[in-house]
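Here's my sequence, what's the structure:
(chains A, B, C and D)
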Protein chains: 4
Amino acid sequence: MTVRLDMEKELGTENPVFIEGLAGIGHIGKTTVAYLADHLEADKVGELYSHHFPPYTIVRDNKTVDLLKNNIYQLKRDDARDLVLIEGNAQASTPQGHYEVAEKIMELVDEAEASEIITIGGYGTGDVVEEPDVFGAVTTEKLKDDYSEHGINLDHDVGQIVGASGLILGLGHERDYSGICLLGETPGFLLSDPKATEAVLQSIEKILDLDIDYSELDEKVKESQEVLKKLQNLKGKQGQDQESQSQQDLGYIG
Amino acid sequence: MTVRLDMEKELGTENPVFIEGLAGIGHIGKTTVAYLADHLEADKVGELYSHHFPPYTIVRDNKTVDLLKNNIYQLKRDDARDLVLIEGNAQASTPQGHYEVAEKIMELVDEAEASEIITIGGYGTGDVVEEPDVFGAVTTEKLKDDYSEHGINLDHDVGQIVGASGLILGLGHERDYSGICLLGETPGFLLSDPKATEAVLQSIEKILDLDIDYSELDEKVKESQEVLKKLQNLKGKQGQDQESQSQQDLGYIG
Amino acid sequence: MTVRLDMEKELGTENPVFIEGLAGIGHIGKTTVAYLADHLEADKVGELYSHHFPPYTIVRDNKTVDLLKNNIYQLKRDDARDLVLIEGNAQASTPQGHYEVAEKIMELVDEAEASEIITIGGYGTGDVVEEPDVFGAVTTEKLKDDYSEHGINLDHDVGQIVGASGLILGLGHERDYSGICLLGETPGFLLSDPKATEAVLQSIEKILDLDIDYSELDEKVKESQEVLKKLQNLKGKQGQDQESQSQQDLGYIG
Amino acid sequence: MTVRLDMEKELGTENPVFIEGLAGIGHIGKTTVAYLADHLEADKVGELYSHHFPPYTIVRDNKTVDLLKNNIYQLKRDDARDLVLIEGNAQASTPQGHYEVAEKIMELVDEAEASEIITIGGYGTGDVVEEPDVFGAVTTEKLKDDYSEHGINLDHDVGQIVGASGLILGLGHERDYSGICLLGETPGFLLSDPKATEAVLQSIEKILDLDIDYSELDEKVKESQEVLKKLQNLKGKQGQDQESQSQQDLGYIG
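Presented below is the predicted three-dimensional model:
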């Protein structure tokens, strides 16, 4: 037992869209899918545990302990495609662990007979931007037209995706699933980036014909924007030093 | 064989309180439980070895070698609940190892049919305090009232527990055990913190209706307090420099 | 499943020369064998995947995702020995992974009943040179005369080979295969070194009686030479400082 | 297969002394046992390979490749106890690997029905000394009198032994073997320390009633002593700076 899928209920969805968002850069994946699960009042059906997760135990606000885990939800919809969601506060802590967890999640995708896979993460650029982009990477080229309608940038420089979001889509492609990885543009030094999360949610809203209430997120966006402004001021002051340093970097990737 | 439980005697306890304290920050867990085992004259019943422990071998004061291991004790009591104790100089050295060792210790908890789990560790704050707190994290919220009677602080900022103390309580909660993790407040840069150990022992004394003789510990507390005073003086001198540096940290966790 | 060989076609070669070149220093191995496969129009017959590869997923220029993998090709030749090639963008990320991937590749060598093994990598010297050498290490001493005819330097200071190129030749030697590891001399700080790749290709051309068209590589060589000149100028300016520092190193290896 | 014992010949010894010396600090273990095997003209009987060794392949002086491995020798003696030796250029590269390799070596000890275990390593003190000590750690206290006759220092501050030398003796003690770990005192920053190797060899000579010819080692000792003198001069010049720094260290281990 290095990865364990603990299902409390059987899946009752029909060819759902499978959406993954786990801990990662800016916590964009986890926050996006947790927000979806919460606001769509999705039904929790199981949990995923792994010996490959970091050896930490969470102490919640009410001072009770909780093992690191990923939570699985389903949502049956009459007028649109069903959803299966997985979100959580942990990814594997070793290379082999990453592959084993992703393979286990693929068992769930197989069992759900998913019609589409959407994986969500962040892409750190080092820069603070007013309107973060949502970068996309797809399983097959012919999907690019469909997804670009939903405000997803498919003309970017992202060269690789680290962790579950990439592996699940890569393994999915191998097994003939189609889908997309959405990466919210984020400076990379924020532990939480509600602005990028909002941008990703807006893309998903369009892909899935959802109607999302952003009010809870808006407050967090405001807070984070203030932090970013402080950081930009700080950076402005330090800018001259850093510039002279960066001239010594002679990047060459062939 | 990556974790091996080597029992010399069968457990003869009845629904004991299971207490764990292993190597860790300030060695508070290990020192506390070793002190209990020694002063209560508990009966050694077995050892736990693991390939996940660091690849070191201990040279004892008498120049004999000893593999890293955890020691298991039991104490039958007529007038109060029985105890099973595990203490030792090693924890696993990899994430997967931490989970596997914790699962093996849970086998012992299951076999003992423990009525309560108490795990012990340290929580490094970076600050030297006169009277270290004992922070608690519980399996279920309704236990908080009971434990707070015993001088345990259940209103703190501890967000996660690293290693065996957290995993055992987390796994225990999953299997419907109830219990608490006690974390002695410690500066974090001491290899041994008898003052915090004493604070944890005092809480355990109240929880378990014990009568502990602190005389052996008192001497070590005095020694460590002198070291701490020297460190505080040193810090006072360096304070101005550090303060100007810390103003550049803009911590933001969302 | 920690390493998986995914053959789309059966091997149709007869006692081929087996040539390996994977990701590594200066990407000389991967680039050399990929160039061979492309320009000889070799036939792709399979892929090798591993949980030991880094947990990254590649985003290709057309924005589709691709798991890290090694590609296997074969080339049947009427007038010369057949070839089996393996090249790819990943090596294992752990020591045990390196051995397991190499053992799996040896299964392919065994199945192909290879007559000779050629593994390709880079050797970082820290220096930029006009005409990079090709260093060789062989399975048995009596092969040195044969290979030195092909412009391969067999009088060098290379003491060890890191990763697949060394392990495959070492495991091959254990199983009585004969062969050579070719290491292109490279500064070590370039992610790509077309000049060293060209030098290795020229040696292989002679060993295998090939007729390689270098035109595509020549352009890349020109680009990289310009980068190297800039680096040398930079180094010239910094030289005095570094020299005084290096006098403090008292290297001693016994 | 993560550790493989490859015996070319069956062991023909009777209750031999088992002597281990592998790669490590100052290469004292490996050099000592290799010197013994060579000068006693011991008979090579097998090899030990492991996926836990570093993923390097050795290029020998004659430019042939060699997997990392440990070599096993036996020596039958009419007038004294037989010997089984294991020496090699590699130890495991992970904690779990260290334990697995040590367990495999113990299989050899069991099969040989060894009468005594001697493991050899180095102990880095940071200081250059004229006459390096040989520190000992034993399986049982009653052996200390026997061994201290042979010039072995059993009154030292060594607190732990890293790697195979410690684990083999620790595992041996668990299985009721008796023996000693000999640690040559070495500065710790030398890749080779012939002077400390000589000191260990002299102790072994006495324990085993050997008659060792030190002439080959003497030359290397002379060379290394010259390097050490240069280092001491260098240290003398830098001494004042380092002293002022070390006053800021407030070591406290409780």
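
Could you use CA atoms for every contact and neighbour count after this?
Fine.

ok, which stretches of chain A are strands?
Under the criterion DSSP state E, chain A contains strands at A:3-7, A:17-22, A:43-50, A:56-59, A:65-67, A:70-75, A:83-88, A:116-124, A:134-138, A:160-162, A:179-186.

will you turn the ones you listed into TSV that also has mean neighbour count, distance to chain B and mean pLDDT?
Shown next, in TSV, are the strands of chain A (neighbours: other CA atoms under 10 Å in any protein chain shown; distance: least, CA to the nearest CA, whole Å; pLDDT from 0 to 100):
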stretch	mean neighbour count	distance to chain B	mean pLDDT
strand A:3-7	16	11	97
strand A:17-22	26	15	98
strand A:43-50	19	9	98
strand A:56-59	23	4	96
strand A:65-67	25	5	97
strand A:70-75	24	15	98
strand A:83-88	26	15	98
strand A:116-124	25	15	97
strand A:134-138	28	20	97
strand A:160-162	20	19	96
strand A:179-186	28	14	97
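
With respect to residue C:115, which of those lies nearest?
With CA to CA, the closest approach to residue C:115 among the strands of chain A belongs to strand A:160-162: 37.4 Å.

So which residues on chain A come close to chain B?
Contact residues, chain A versus chain B (CA under 8 Å from any CA of the partner chain): A:2, A:51-60, A:62-67, A:93, A:190-193, A:227, A:231.

about what we covered before: quick one, which of the strands of chain A is nearest to residue A:198?
Smallest distance to residue A:198 across the strands of chain A (CA to CA): 8.9 Å, for strand A:179-186.

what lines up beside that closest one in the sheet?
Sheet pairing here is set by DSSP bridges, and for strand A:179-186 it gives strand A:116-124 (parallel), strand A:134-138 (antiparallel).

so residue A:5 bridges to which residues?
On the basis of DSSP bridges, residue A:5 is bridged to residue A:48.

Show me how to select, in PyMOL, the buried members of the residues of chain A next to chain B.
In PyMOL, this line selects whichever of the residues of chain A next to chain B come out buried by 16 or more other CA atoms under 10 Å in any protein chain shown:
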select buried, chain A and resi 51+52+53+54+55+56+57+58+59+63+64+65+66+67+93+190+192+193
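
Turn the strands paired with strand A:179-186 into TSV, columns for distance to residue A:20.
Output for the strands paired with strand A:179-186, formatted as TSV (distance: least, CA to CA, whole Å):
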stretch	distance to residue A:20
strand A:116-124	5
strand A:134-138	14
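
for those, which one sits closest to residue B:109?
strand A:116-124 (39.2 Å).

what angle sits between the closest one and strand A:17-22?
Interaxial angle of strand A:116-124 relative to strand A:17-22 (axes from the mean of the first three to the mean of the last three CA atoms, to 10 degrees): 30 degrees.

I'd like the distance from strand A:116-124 to the chain centre, please.
Distance of strand A:116-124 from the chain centroid (CA atoms, centre = their mean, to the nearest Å) equals 4 Å.

Over to stretch A:215-231?
19 Å.

Ok, stretch A:36-47 next?
A distance of 16 Å separates the centroid of the chain from that of stretch A:36-47, by CA atoms, centre = their mean.

got the end-to-end distance for that stretch?
17 Å (CA to CA, to the nearest Å).

Now tell me what touches it from outside.
Here stretch A:36-47 makes contact (CA atoms under 8 Å, 6 or more residues apart in numbering or on different chains) with A:5-11, A:69-75, A:85, A:212-213.

Can you show me the helices along the stretch 51-200 of chain A?
All helices of the stretch 51-200 of chain A, identified by DSSP state H, counting those that start in this stretch, fall at A:95-112, A:144-148, A:164-174, A:194-208.

now for the third one, which elements pack on it?
Put plainly, it is helix A:164-174. Packing partners of helix A:164-174 (3 or more CA pairs under 8 Å, 6 or more residues apart in numbering or on different chains; DSSP states H and E): strand A:17-22, helix A:95-112, strand A:116-124, strand A:179-186, strand C:56-59, strand C:65-67.

Stretch A:91-111 and chain C in contact?
Yes - under the criterion of CA under 8 Å from any CA, chain C is reached by stretch A:91-111 at A:95, A:96, A:98, A:99, A:100.

Stretch A:144-161 close to chain C?
Yes - Stretch A:144-161 is in contact with chain C by CA under 8 Å from any CA, via A:154, A:155, A:158, A:159, A:160, A:161.

Would you enumerate the residues in contact with the second one?
Contacts for residue A:155 (CA under 8 Å, 6+ apart) come out as A:135, C:63.

same question, the first one
For residue A:154, the contacting residues are A:135, A:136, A:137, A:144, A:148, C:63, taking CA under 8 Å, 6+ apart as the criterion.

any idea what sits nearest the second one, other than its immediate chain neighbours?
Taking CA to CA, 6 or more residues apart in numbering or on different chains, and ignoring the residues beside it in sequence, residue A:136 has residue A:182 as its nearest neighbour in space, at 4.8 Å.

Show the contacting residues for that neighbour.
Residue A:182 touches A:118, A:119, A:120, A:121, A:122, A:134, A:135, A:136, A:137, A:152, A:200, counting by CA under 8 Å, 6+ apart.

Out of those, which comes closest to chain C?
Distance to chain C across the contacts of residue A:182 (CA to the nearest CA) is lowest for residue A:137, with 5.0 Å.

Any idea what that closest one is bridged to?
Here residue A:137 sits in beta bridges with residue A:181, as judged by DSSP bridges.

shouldn't it be in contact with residue C:64?
Yes - contact criterion CA atoms under 8 Å: residue A:137 and residue C:64 qualify, at 5.4 Å.

picking that back up, could you export the residues of stretch A:91-111 next to chain C to a markdown table, including columns for neighbour count and pLDDT?
Output for the residues of stretch A:91-111 next to chain C, formatted as a markdown table (neighbours: other CA atoms under 10 Å in any protein chain shown; pLDDT from 0 to 100):
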| residue | neighbour count | pLDDT |
| --- | --- | --- |
| A:95 | 19 | 96 |
| A:96 | 22 | 96 |
| A:98 | 24 | 98 |
| A:99 | 25 | 98 |
| A:100 | 21 | 98 |
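
Thank you kindly, that will do.
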